[in-house]
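Asker: After the sequence you'll find the predicted model.
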Amino acid sequence: LVALASFTFVGHPQASRPRGFLVVSQAVHVTAAAVWFGGGALLAMEIHRRWRHDSPRAMAETIERFSTLAGVSVALVTITGIVLAHSQLASPEALLTSHYGRALLAKLAFVALVAAIGGYNHSRLVPAIVERRDAVAWRHLGWTTAAEGTLIVVGVLVMTAAMTSGGI
């Protein structure tokens, strides 16, 4: 809550108009991203913990429930991200010519990879586990959720820092 509240005092919504709308957009963006990314990280740890001690089917059902929440989070991150990017970029060309734009494009590439892996998990691995109790799919799910977490930390968070610090 402290980190979320800090966005009302610092960050790019402070320098743009309409300030109130952008502060709310930023708060929704950060909250939805935290739910999506944090939930994914916790899910990966839970998969690892349950690997030997629980039913793959029960875990797959947990993942299916999380997928719904993740889908809503992705939609909110996308909508508010567009609003926030529009407030920061003077033109579409700024995506390629500004530090912010290049960092945003790199961040979007990492987010797309994470979303693609999540989609693969949801559409291929989870059904294989639920319907066929596929042990190979269960192992792959552990690897893909670990890959998602790594991409989030190495890519998305680093690019977010680059966007706010003027790097790249």
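Answerer: It's in. Numbers count the residues shown, from 1 in each chain.

Asker: State the helix or strand in which Ala162 lies.
Answerer: Under the criterion DSSP states H and E, the helix or strand holding Ala162 is helix 158-165.

Asker: Return the distance of that helix from the chain's centre.
Answerer: Distance of helix 158-165 from its chain centroid, counting by C-alpha atoms, centre = their mean, to the nearest Å, is 15 Å.

Asker: residues of it that come out buried?
Answerer: Of the residues in helix 158-165, those with enough neighbours to count as buried (16 or more other C-beta atoms under 10 Å) are 158-160, 162-163. C-betas here are computed from N, CA, C, even on glycine.

Asker: pLDDT of that helix, averaged?
Answerer: Here helix 158-165 scores 72 as its mean pLDDT.

Asker: same question, stretch 39-59
Answerer: 74.

Asker: Any idea how far apart the tips of that stretch sit?
Answerer: With C-alpha to C-alpha, to the nearest Å applied, stretch 39-59 spans 14 Å between its terminal residues.

Asker: The host helix or strand of Glu148 packs against which elements?
Answerer: Glu148 is part of helix 135-151, with elements assigned from DSSP H and E. With contacts taken as 3 or more C-beta pairs under 8 Å, 6 or more residues apart in numbering; DSSP states H and E, helix 135-151 sits against helix 19-50, helix 56-88, helix 99-120, helix 126-132.

Asker: same thing but 7 Å
Answerer: helix 19-50, helix 99-120, helix 126-132 (3 or more C-beta pairs under 7 Å, 6 or more residues apart in numbering; DSSP states H and E).

Asker: Any chance of the buried residues of helix 158-165 in JSON lines with distance to Asp134 as columns?
Answerer: Written out in JSON lines, the entries for the buried residues of helix 158-165 read as follows (distance: C-beta to C-beta, whole Å):
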{"residue": "Val158", "distance to Asp134": "34"}
{"residue": "Met159", "distance to Asp134": "34"}
{"residue": "Thr160", "distance to Asp134": "36"}
{"residue": "Ala162", "distance to Asp134": "39"}
{"residue": "Met163", "distance to Asp134": "40"}
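
Asker: contacts for the helix holding Glu148?
Answerer: Outside of helix 135-151, the residues that reach it under the criterion C-beta atoms under 7 Å, 6 or more residues apart in numbering are 40-41, 43-44, 47-48, 51, 56, 110, 113-114, 117-118, 120-121, 125, 128-129.
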